[in-house]
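Visitor: Build me a model:
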Amino acid sequence: MTQTILVLSEEALTEPDLRNLRTLQGEDEPTEIVVLIPEDSNEPVLGEFFRHLGLFEIREAFRSFSADDRRHDENTAREALATSLRLLEDEGFTARGRTTSGDPVDAMLQEAEAGGATQAVVITRPHAMADTLHADWASKAQSKLGIAVLHLYSGSGFIGDS
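Guide: As a prediction, this is how the structure comes out:
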């Protein structure tokens with residue numbers, strides 16, 4: 001029987017992300033990865049501002065108030081999805097995915113119900129405000145999905161506090 005791992009990522013997966021996913025894969029079980037990339041991350045402006053300040057990215061913090069810098073459009077999401085699927089397939093994973101509009105956690109819930117996901121992974125950059133207040137996607141998904149949800153920070157092995 002194939003296990004399904006549902007992945008919600010706000011950007012294209014990276015090599016470290018693939019290593020993390022590999023550790024979740026059972027040794028003898030075939031695994032399918034389902035990737036969801038939101039067309040709009042909907043990060044609040046203040047959350048993004050404080051994230052940049054926390055990383056000492058002063059210029060980026062003030063630029064976050066520009067609507068052009070906050071836009072994560074459909075084409076960007078499609079490119080991130082294509083890159084992610086290509087990386088997964090190059091690593092030998094069976095993978096499929098789609099971009100989502102609206103609430104990404106609701107898209108996860110729909111996909112989990114339709115595909116019988118056994119576990120879920122949310123991969124994001126650190127979002128200090130949302131992570132601290134447990135208003136991040138992983139915390140929301142944990143309360144809605146009824147399956148294990150792991151929150152990883154993109155490009156690292158660090159586990160989010162969800």
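Visitor: got the residue ranges for the strands in this structure?
Guide: Applying DSSP state E to the chain gives strands spanning 3-9, 31-38, 94-100, 119-124, 148-153.
Visitor: Each with direction, which strands does the first one pair with?
Guide: The one in question is strand 3-9. strand 31-38 (parallel), strand 119-124 (parallel) (DSSP bridges).
Visitor: lowest-confidence stretch among those strands?
Guide: Ranked by mean pLDDT, those bottom out at strand 119-124, which scores a mean of 89.
Visitor: Contacts made by that one with the rest, please.
Guide: Contact partners of strand 119-124, identified using CB atoms under 8 Å, 6 or more residues apart in numbering, comprise 3, 5-10, 13, 17, 20-21, 24, 108, 112, 136-138, 141, 145, 147-154, 160, 162. The way it works is simple: take the backbone N, C-alpha and C, and place the C-beta from them, glycine included.
Visitor: export the strands paired with strand 3-9 to a markdown table and tack on mean neighbour count and distance to residue 82?
Guide: A markdown table is the format used below for those (neighbours: other CB atoms under 10 Å; distance: least, CB to CB, whole Å):
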| stretch | mean neighbour count | distance to residue 82 |
| --- | --- | --- |
| strand 31-38 | 23 | 10 |
| strand 119-124 | 24 | 16 |
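Visitor: one step back: using TSV, lay out the strands of the chain together with distance to residue 79.
Guide: Formatted as TSV, the strands of the chain follow (distance: least, CB to CB, whole Å):
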stretch	distance to residue 79
strand 3-9	13
strand 31-38	9
strand 94-100	10
strand 119-124	16
strand 148-153	21
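Visitor: Which of those strands sits closest to residue 83?
Guide: Closest of the strands of the chain to residue 83 is strand 31-38, at 9.6 Å (criterion: CB to CB).
Visitor: What residues does residue 149 make contact with?
Guide: Counted by CB under 8 Å, 6+ apart, residue 149 has contacts 119, 120, 121, 122, 138, 141, 142, 162.
Visitor: mind checking how far it is from residue 89?
Guide: 24 Å (CB to CB, to the nearest Å).
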